[in-house]
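Sharing a model prediction with you, sequence too.
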Amino acid sequence: MKPVTGIFDRGTDEFNNSRDSPSQNCSFIRDESLPIETGSSSFSTPAKKKIVSEGSSINLTEEEEELFNILLEVMQESEITSTLRVAGGWVRDKLLATEEFRRGNARGANDSSDRIVDRLTSKFKGPSSGRQGTKVIGADSSRTLIDPHDVPVDIDIALDDMLGREFADHLNEWMTQHGRKKISVGVVLKNPEKSKHLETATMKVGKFWIDFVNLRAEEYTEDSRIPDLMRIGTPEEDSFRRDLTINSLFYNINTGEVEDFTQRGLNDLKKGAVATPLPALTTLLDDPLRVLRSVRFAARLRFTIDDALNIAAMDERVRVALALKVARERVGSEVDLMLRSQDPVGAMRLLINLNLASTVFPVEALVKSGKNGNKTREIFIDGLHILTTTHNHLCDCKAKIPIWCEKKRVSAAATYGVQEMTLVNDEESRRRLWYASFLKPLRDHFRTQGHTEQAKAGARQGKKASRSVIMKLMVDELKRPLRESESVEAIMKASDDFTNLLNAGCDLSATACLLEDIRVVYHGADDEEGHITCHMGQRVIDSATESDPLWHHAMELRLLVSKVLDRVGPLWRAAMILSLSEQLAMLENEQFSYTIEGDVFEESQSEMRIGIVQKYDSFAAVLMQLGLVGIWSREPLINGREVTSEDILPNLPQGPIFREIMDEQMNWMTTHPGGSKEFLIIHLRNVFREYI
């Protein structure tokens, strides 16, 4: 065994840092107390022997190999007879990064052809049990599901005959004997009130966060997803207690082998199938959160849900258990991870097809169902349609970048020190856009119903009760942060604002700005040092004195659009895409409303689609050309104290008029970009003469 020291070369301070942003496989935060027993399992798993992968191998990085060698040295020198096994997501993701399992994705296990799988994002595809072959946004489309260069930093190591803290102590003893500093150990007791515990010991070794856990067996009660009984188990029991077969694989550090005790994990990983080790209904009723995890993994990995799991997930008992046994925080967390996945459309489609949407998004009490059909389901289907259209359009934007998303133009259009990213590269804004797209029909439904009931509730129960349905759903039901929820609703509102502006003819005004080459150019790195120049064709404009009606018309457009941008801020791109996607979705609905003269009609619809996209592209390009990007961060030329000075409005009283004057100032700055403070003072004194 070769000596290893490489992963310690970074210095010992790194070992004692607190854990940063644990990944979804991290088990640092554990469920609370569980009574522990030893003895035989309460459930019986099929009599299966250990299956060692034949030909399947994991490619370890140098750092991983060094880490595992250290652990083996600890065992050898401490005379420990345990078997160390890496469990769960690390094994799955490492296998998916290999060529063997890349070939298996999106096709049968024995099919090595290079055929392209049909996309399932189209609104009019039949019910699906999963998704494969979908385009990916925000990443190199040639990448595999798991990038082999992305080294997982969270590793769960299962022990078969000792507690995690015991092995952590042996590791620290080894480090002391070899001239290393001890590593701080975090211990989570599974049941601190009992005399026995199944502990999790957490240590940071180099770049790896390691959880030393026990192989375990679990028993559940009917009214909780928290195991009622937990004990140290065998590898087989531990494999069969896990949620999915693809998460039940072990990497045996002692032998360097991949172990598949369920005899299904490797095959399901090759087939791209999401399945449960035990009967699906039993697994889901034991822990109903697993049904959402199944959807999430299908979306993240673009796998297909197994038929048995698909049937069990649609069982009404699972929906009831999900509503009663799972905390809303956990539900909201799973939804958020779905929308962060490579396939948010597929995840929402699965929730609808599995009849889980109304449980995950419990809005039925707020939505009045009509006499014909379930209105809630109609709303979710409409939301899926918009989400699909939005996702597909962003895919198209990635393949053929529109002018307002070109990197050079985005950089050149930034003003007031704002640095923008396009949605293709902005994961957080995209995630908020997915929320807004899927939930937009819900908001629209309540707007058409009016706000009478909401207002009455607010009068009785206060400000919280008067919140919009979107805020109630996201904050109260999905437990999302308040600011994030507000940003989702801001995207929806700004989307409607953009739609209204374009319907009112602002697209024609934008075209005029393009034809006349009207530009507002910002020079400088920030608001303090920057300055603005205005241009109309080859001519430099003095915005404070220019009298050309075309210029004034462009500035009126600038003022209208600035009002929207002031409210939505840097999420304006998401709002613009949502507005466009709603128009495209409406067009698709119209397309399927007619059947006469099919060929001619299809061509007309295609032309109309191109026209809508071009209209929005031109409008967004003019928005940037008029120097509006970043306008939400600008500061007024005259602050509040200066306004009441002797030279401006010395007799200005306290009250609402002050807000009116500050708004007038910002409006003047918008329609007179680059205008001087002196001209602004003259304007304010002319408009508010009574306060001089």
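Arrived safely. Numbering: from 1, shown residues only.

What ranges does the stretch 151-300 of the chain have for its helices?
In the stretch 151-300 of the chain, the helices defined using DSSP state H, counting those that start in this stretch lie at 164-177, 235-241, 265-271, 280-286, 289-301.

most neighbours per residue, which of those?
Counting by mean count of other Cβ atoms under 10 Å, helix 289-301 has the highest mean neighbour count of the helices of the stretch 151-300 of the chain, with a mean of 25. For the C-beta atoms, the positions are set from N, CA and C on the backbone; glycine is no exception.

picking that back up, indicate which one of the helices of the stretch 151-300 of the chain is closest to I210.
helix 164-177 (8.7 Å; Cβ to Cβ).

got the CA positions of stretch 314-331 in PDB?
The C-alpha trace of stretch 314-331 is given here as PDB (Å, rounded to 0.1, in the frame of the first residue of the first chain):
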ATOM      1  CA  MET A 314     -50.800   7.400  -8.600                       C
ATOM      2  CA  ASP A 315     -52.400   5.600  -5.700                       C
ATOM      3  CA  GLU A 316     -54.600   7.800  -3.600                       C
ATOM      4  CA  ARG A 317     -53.100   6.500  -0.400                       C
ATOM      5  CA  VAL A 318     -49.700   7.900  -1.400                       C
ATOM      6  CA  ARG A 319     -51.200  11.400  -2.000                       C
ATOM      7  CA  VAL A 320     -53.000  11.300   1.400                       C
ATOM      8  CA  ALA A 321     -49.700  10.100   3.100                       C
ATOM      9  CA  LEU A 322     -47.800  12.800   1.300                       C
ATOM     10  CA  ALA A 323     -50.200  15.500   2.600                       C
ATOM     11  CA  LEU A 324     -50.300  14.200   6.100                       C
ATOM     12  CA  LYS A 325     -46.800  12.800   6.900                       C
ATOM     13  CA  VAL A 326     -44.400  15.100   5.000                       C
ATOM     14  CA  ALA A 327     -43.500  18.600   6.300                       C
ATOM     15  CA  ARG A 328     -44.200  21.300   3.800                       C
ATOM     16  CA  GLU A 329     -40.600  22.500   4.000                       C
ATOM     17  CA  ARG A 330     -39.500  19.100   2.600                       C
ATOM     18  CA  VAL A 331     -42.100  19.300  -0.200                       C
END
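
How about residues contacting it?
The contact list for stretch 314-331 (Cβ atoms under 8 Å, 6 or more residues apart in numbering) reads 223-225, 281, 284-285, 287-289, 291-292, 312, 354-356, 359-360, 362, 477-479.

Report the buried residues of it.
Across stretch 314-331, burial judged by 16 or more other Cβ atoms under 10 Å covers D315, V318, R319, A321, L322, K325, V326, R330, V331.

repeat for stretch 57-75
58, 60, 63-75.

Tell me where the stretch 501-650 of the chain has helices.
Along the stretch 501-650 of the chain, the stretches classed as helices by DSSP H, counting those that start in this stretch are 507-516, 549-568, 572-591, 598-625, 640-643.

hey, least reliable of those helices by pLDDT?
Here the helices of the stretch 501-650 of the chain differ in mean pLDDT, and the lowest is helix 598-625 at a mean of 84.

That one: which residues count as buried?
Quick answer for helix 598-625 (16+ other Cβ under 10 Å): 605, 612-613, 615-625.

now, among the buried residues of stretch 57-75, which is nearest to K94?
I58 (4.6 Å).

Can you tell me how far the nearest residue in space to that closest one that is not next to it in sequence is from N267?
Leaving out its chain neighbours, the residue that sits closest to I58 by Cβ to Cβ, 6 or more residues apart in numbering is K94, at 4.6 Å. As judged by Cβ to Cβ, to the nearest Å, K94 and N267 stand 17 Å apart.

what's the answer for R519, then?
Distance, R519 to N267, using Cβ to Cβ: 61 Å.

re the thing from before, which members of the buried residues of stretch 314-331 occur in helices, if any?
The members of the buried residues of stretch 314-331 that map onto helices under DSSP state H are V318, R319, A321, L322, K325, R330, V331.

Out of these, which one has the weakest pLDDT?
K325 (92).

tell me the mean pLDDT over stretch 531-539?
Average pLDDT, stretch 531-539: 93.

Tell me how far that stretch lies from the chain's centre.
Centroid separation for stretch 531-539 versus its chain: 40 Å, with Cα atoms, centre = their mean, to the nearest Å.

picking that back up, turn the ones in helices among the buried residues of stretch 314-331 into TSV, columns for distance to F303.
What follows is these, written out as TSV (distance: Cβ to Cβ, whole Å):
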residue	distance to F303
V318	20
R319	22
A321	24
L322	21
K325	25
R330	22
V331	21
